[in-house]
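**Q** sequence unavailable; structure follows:
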């Protein structure tokens, strides 16, 4: 049994049987992730409209916090693409990019995201993420990835125009300004892209062929973005491209660890940021839990979503006071962390230390880094998020889900990520209601001599004209109670000899007050027409509910039968 | 078969076999309803903040229109209490009560309500009213009735303060101003109240004892409000109470039929009224359909909701151009209309004619009518809408429904009718999702030697340790797919000998894309643990859906069995 301290800090449990080779694995994975995170952190900070050092800071304190509290062994927390896009959208509505206020607003947003996550823990609302259906997530992610990719094209082509609030602004700005593209910048971007693509696809196998160990080859292959950065810096410095050709570079990045800062409190300002914080928290938590669950299940372990709420909550609060912006568990880096052999969150400590060293000593190295390289890094990171095969499967399986996916995708592109997410959630609920408001109702009969009763339209079954079995395939509740009443009455009207109607309730898991009233009216109406209503196959919880009312009394002489078989045998010897 | 014209105008079908005694019945019912409608119309107009003649106009053109198009024989259309309250709330946000603009805005609102109803017809959205659950309606109606009753107390006590936008303003204004109450006004109100209570409760029986026919006695008893008006006017005129005691009277009511008027169009203004129009249309349609259905079912007839949308839509458009405000089928007057023997909508034509005569010739008679009497008429009309026994039943049956009822009630009182209605609808959907997101899952076993399988916790059943039957009592969809996966895995982990898991699908009516993905993952995970997943009792529509994917292929060697009985017999000889 884990001790109390181990329950709060899962890392203590892992350290209890920590061994030398575990440490070797953790260090290796931590270093590899740090090498990925340095360029990604800067690139995602740009995506959010923030200076590069804030992306690096986001990889320091939050990681230390997550290492202490997180329940996933290999989740790699830090700045992530979609949350960065959402931060940019939200903050730019409250401040001008490039200003001090913009940075502080991003930090306040991180604090709010952290508080929202902790509140979700306290209120046990972690299951809220379940209301993001697969189709909403797929559509949302694909559209966000497209927005992110297009937003980076301005760096890739070396164009200069202000950040757009909407996708069509970005598209319009791109097309209008495209003739002014900077050839040297585009050249660097293409070279960087090629290096990353080659590293990812071919470098590992090539190195192995040259005799490198699989581990070394795999690790080196993951440094693609770093190679691209080296190439970019080398080209700019070598050919003085920033002065001669106007290639935009990152420039000064303040060195040194972030100062712990207090955040100014202003009610209206904080309240205005709250809706964005809510959605960023939800999306960040969802991404973290999804990838965390996937990685844990490979080890036949489970992560604990409630613990993740706490860990991510404090990680974001750490981000806020550590000069950074909202963080989450990233998909790509977590996969790499796991594949590189991370055994515990000690790997995160290593990564965070790597980033701390970077901001202390190595920021001058990135002075000449072309922004175009960062743009390419972002584009390469988000393109795999467009899940074409998932979209195709959804289309084949269920058109309602496909519609949700398409609408979510479209609204994200037209009106922004927050509107798209909300539209998707509302639509999936609306379609659910629509689907359950006109339930399938089957007239059933006995299959052969068995005790099994199935739809007369699909099976060869025996029936009896004075005794009808009706199966309603849905819970009875306000949205379908009128429909069901109408349908049942319509079916009855075609059965002149009918004496007994058996409602088969195996598809009914609850009955609400509206439906109970309708049922009571149906009992009376049927009785006046000389038909007795019976129930069969009523599930335990529904029966418990009905027993608390006088419905069973009103039903008499109608009976509740254990099974349809018994009902039919007793009522009409079928 | 009805002709095409008869389908559009149901009245033509009824007139085809119209007889002398049908006419007698219709005329009598029409006259009685007119006698009720004259005071109610004026009173409801006051409730909406409108001059009394607009309430009378609302009983003329809309009734002629409904008589032509309506499918209910005895629905009494006209001004109704709750819609009047909603009109007052909505219009007072756009104009000052008492101004020309206020009246025109109410007329525009009627036009918009009419257009919304016609749009609902065109888009086949009549079933939208089904999303107002029984609990929302009960809570909403009770709160609205309370608000209406309290809003009239200022007339009853003869107080003078401006119309409040919120219930607490009304309450506050009442308590602050109560010391200034007008004794003569309160006296008149008490007398009027007594007359109406006595007429309703005792006048009929007393008259019958005195030898009047049951028909006459019943008809006279229904004229209670008219007697109260006569008494009020008599007292004011007799003792010159308006000048001597400051009793507020209705004053001049312009005589003559309403002039058909064009309505000014202004985009922003109309759009601002649209949300209110939508809710008034929904509530009005709901009230009309509910009472219409109840009355029709007594004759074993059905009203046609789609035709009612058209009839009420045009009735409201008629109201707009006929100088009136939104109308609906009223609960109380429809009951009286039916009980008084209305056979067809000819009764409405009679009522409308009565009101036309009233505005042409009798408005001077109401000059001295004390406003307090109108207040009492409204209060007596709305008090029965507070359905205490319905509230009690809901509480006993289902706490979630009771919560919805309570919240709807509270929000209506605190934030207004529109907010309350919306809150109730959202809450009932949220509770529905919450209820389906953690479905009941039962481990089942064979009941005796039957083919019937039930919950091991509730029945004496036979099971086999290598073969588990699990019944999931809910559709599989995004909100419950994670929960179900967790629960199933937890149950499995306690069954070390398990080889076959049979998911019993008789409670599953659809599976969405999120759930399909989870199912596919479960098949793989179970297989790795040496357990084969099978399905049984899959309903036809779900099977159709699954056949469109490669799920059944991935399930192998798992099978889909027709019944749990077959599955258990084949898999483990149970």
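**A** Sure thing, it's come through. Keep in mind it's a predicted model, so treat the numbers as computed, not measured.
**Q** show me the shaky parts of the stretch 451-574 of chain A.
**A** Of all residues in the stretch 451-574 of chain A, none has pLDDT under 70.
**Q** contact residues of the stretch 451-574 of chain A facing chain B?
**A** A:451-452, A:454-455, A:457-458, A:473-475, A:477-483, A:506-507, A:509-510, A:512-514, A:516-517, A:525, A:539-541, A:545, A:548-549, A:562-563, A:565 (Cβ under 8 Å from any Cβ of the partner chain). Yep, even glycine has a C-beta here, placed from its N, CA and C like the rest.
**Q** by proximity to chain B, which residue of the stretch 351-500 of chain A wins?
**A** In the stretch 351-500 of chain A, the residue that lies nearest chain B is residue A:478 (3.3 Å; Cβ to the nearest Cβ).
**Q** secondary structure element holding that residue?
**A** Residue A:478 belongs to no helix or strand when assigned by DSSP states H and E.
**Q** contacts only, for the residue lying closest to it once chain neighbours are set aside.
**A** Excluding the flanking residues, the one nearest residue A:478 by Cβ to Cβ, 6 or more residues apart in numbering or on different chains is residue B:133, at 3.3 Å. Applying Cβ atoms under 8 Å, 6 or more residues apart in numbering or on different chains to residue B:133 gives the contacts A:477, A:478, A:479, A:512, A:513, A:514, B:401, B:404, B:424, B:428.
**Q** one more: residue A:418?
**A** So residue A:418 contacts A:86, A:89, A:90, A:275, A:276, A:279 (Cβ under 8 Å, 6+ apart).
**Q** what of residue A:364?
**A** With contact taken as Cβ under 8 Å, 6+ apart, residue A:364 is in contact with A:253, A:255.
**Q** and with 10 Å instead?
**A** For residue A:364, the contact set (Cβ atoms under 10 Å, 6 or more residues apart in numbering or on different chains) comprises A:252, A:253, A:255.
**Q** in helices, which of those fall?
**A** Judged by DSSP state H, helices contain none of the contacts of residue A:364.
**Q** and these, which of them are buried?
**A** residue A:253 (16 or more other Cβ atoms under 10 Å in any protein chain shown).
**Q** any chance of a markdown table for the contacts of residue A:364, columns distance to chain B and pLDDT?
**A** Output for the contacts of residue A:364, formatted as a markdown table (distance: Cβ to the nearest Cβ, whole Å; pLDDT from 0 to 100):
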| residue | distance to chain B | pLDDT |
| --- | --- | --- |
| A:252 | 47 | 83 |
| A:253 | 42 | 85 |
| A:255 | 45 | 84 |
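**Q** out of the contacts of residue A:418, which is nearest to chain B?
**A** Checking the contacts of residue A:418 against chain B by Cβ to the nearest Cβ gives residue A:275 as the nearest, at 16.4 Å.
**Q** on that earlier part again, which one (most neighbours) among the contacts of residue A:418?
**A** Within these, most neighbours by other Cβ atoms under 10 Å in any protein chain shown means residue A:86, with 26 neighbours.
**Q** secondary structure element holding that residue?
**A** Per DSSP H and E, residue A:86 falls inside helix A:81-91.
**Q** how far out from the middle of the chain is the helix or strand that that helix is followed by?
**A** Per DSSP H and E, helix A:81-91 leads on to helix A:100-122 as the next helix or strand towards the C-terminus. Centroid separation between helix A:100-122 and its chain, computed with Cα atoms, centre = their mean, to the nearest Å, is 19 Å.
**Q** nearest spatial neighbour of the residue nearest to the spatial centre of chain A, skipping sequence neighbours?
**A** Per Cα atoms, centre = their mean, the C-alpha nearest to the average position across chain A is that of residue A:286, at 4.0 Å. Of all residues not flanking residue A:286 in the chain, residue A:129 sits nearest, at 4.5 Å (Cβ to Cβ, 6+ apart).
**Q** can I assume the one you found is in contact with residue A:292?
**A** No. With contact defined as Cβ atoms under 10 Å, residue A:129 does not reach residue A:292; the gap is 11.9 Å.
**Q** hey, where'd the strands end up in chain A?
**A** Shown for chain A, the strands assigned by DSSP state E span residues A:77-78, A:328-329, A:441-447, A:453-455, A:461-462, A:467-472, A:500-504, A:532-536, A:560-561.
**Q** tell me which of those strands sits nearest to residue B:118.
**A** Closest approach to residue B:118 among the strands of chain A (Cβ to Cβ): strand A:441-447, 30.5 Å.
**Q** what pairs with that closest one, parallel or antiparallel?
**A** When sheet partners are counted by DSSP bridges, strand A:441-447 sits next to strand A:453-455 (antiparallel), strand A:461-462 (antiparallel), strand A:467-472 (antiparallel).
**Q** would you turn those strands into JSON lines with mean neighbour count?
**A** Converted to JSON lines, the strands paired with strand A:441-447 look like this (neighbours: other Cβ atoms under 10 Å in any protein chain shown):
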{"stretch": "strand A:453-455", "mean neighbour count": "23"}
{"stretch": "strand A:461-462", "mean neighbour count": "16"}
{"stretch": "strand A:467-472", "mean neighbour count": "23"}
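**Q** can you lay out those strands as a markdown table showing distance to residue B:438?
**A** Below are these laid out as a markdown table (distance: least, Cβ to Cβ, whole Å):
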| stretch | distance to residue B:438 |
| --- | --- |
| strand A:453-455 | 29 |
| strand A:461-462 | 35 |
| strand A:467-472 | 22 |
